[in-house]
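J.: Provided below for reference: sequence and predicted model.
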Amino acid sequence: MAESGSETTAKMEAGPEKTAMVVGIDESEHSFYALQWTLLHFFSIPVPLFKLIVVTAKPTPGSVVGLAGPGSADVIPFVESDLRRSALRVIEKAKELCHSVSDVVYEIHEGDARNVLCEAVEKHHADMLVVGSHGYGAIKRAVLGSVSDYCAHHAHCTVMIVKKPKQHKH
């Protein structure tokens with residue numbers, strides 16, 4: 001269907017549709033540093049180029065409790081409640097940091113952070129994913145798995161890994 005001249009003019013005056021930038025956060029200081037760095041470098045200009053999507057992953061209760069044996073089912077509702085409260089605290093802290101950003105969405109998704117972030121990129125057709133780096137060594141990264149490494153290899157967009165500078169003791 002062809003657009004009339006007035007519709008085209010209205011779209012041009014409104015500006016191009018913003019692309020999405022997903023920022024993955026958890027309760028770590030590294031992820032909040034990455035969010036602050038992103039806000040400073042991409043969202044402190046009068047008209048940001050991106051729509052900001054802040055995403056946190058809430059682990060499933062089963063992944064936290066594991067196979068604890070008899071009685072573990074009794075604990076699941078309490079674990080679920082704690083996980084939900086923790087995710088809400090993360091989002092509340094993000095909202096405080098993003099108070100000056102007008103075009104921002106906050107999301108909590110259940111699952112492994114690696115998958116949650118890659119799925120958020122697909123859902124929002126994001127052009128960029130920003131994650132923090134915990135700065136784990138090779139052994140710890142191999143044992144625990146690295147969200148940033150996984151996303152760098154599997155997300156279908158540019159992935160920016162923001163490292164918090166080390167504090168040097170004088």
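T.: In hand now; what should we look at? Residues are numbered from 1 along each chain as shown.

J.: any idea which strand is longest in the chain?
T.: strand 50-58 (DSSP state E).

J.: List the neighbours of it that are in contact with it.
T.: The contact list for strand 50-58 (Cβ atoms under 8 Å, 6 or more residues apart in numbering) reads 18-26, 35, 38, 42-43, 83-84, 86-87, 90-91, 94, 98, 101, 103-113, 116-117, 120, 124, 126-128. Where C-beta positions appear, they are placed from N, C-alpha and C, glycine not excepted.

J.: Filter those residues down to the buried ones and hand me the ChimeraX line.
T.: Of the contacts of strand 50-58, the buried ones can be selected in ChimeraX as follows, counting by 16 or more other Cβ atoms under 10 Å:
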select :20,21,22,23,24,25,26,35,38,42,43,83,87,90,91,94,98,101,104,106,108,109,112,113,116,117,120,124,126,128
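
J.: Among the contacts of strand 50-58, which are located in strands?
T.: 19-25, 104-110, 128.

J.: so which of those would you say is closest to residue 73?
T.: The nearest member of these to residue 73, counting by Cβ to Cβ, is residue 110 at 18.0 Å.

J.: Quick check: chain neighbours aside, which residue is closest to the closest one?
T.: The spatially closest residue to residue 110, leaving aside those adjacent along the chain, is residue 58, at 5.0 Å (Cβ to Cβ, 6 or more residues apart in numbering).

J.: Distance check, the one you found against residue 26.
T.: Applying Cβ to Cβ, to the nearest Å, the value for residue 58 to residue 26 is 10 Å.

J.: and the helix or strand harbouring residue 78, what does it pack onto?
T.: Using DSSP states H and E, residue 78 maps to helix 72-97. Using 3 or more Cβ pairs under 8 Å, 6 or more residues apart in numbering; DSSP states H and E, the elements in contact with helix 72-97 are helix 29-42, strand 50-58, helix 61-65, strand 104-110.

J.: end to end, how far does stretch 105-123 reach?
T.: Distance between the two ends of stretch 105-123: 13 Å, counting by Cα to Cα, to the nearest Å.

J.: about what we covered before: out of the helices and strands packed on helix 72-97, flag the one nearest residue 160.
T.: The nearest among these, by Cβ to Cβ, is helix 29-42 at 8.0 Å.

J.: re the thing from before, tell me the angle the helix holding residue 78 makes with helix 29-42.
T.: Here helix 72-97 points in a direction 30 degrees away from that of helix 29-42 (axes from the mean of the first three to the mean of the last three Cα atoms, to 10 degrees).

J.: Which residue lies nearest the spatial centre of this structure?
T.: Nearest to the geometric centre of the chain sits residue 24, at 1.7 Å (Cα atoms, centre = their mean).
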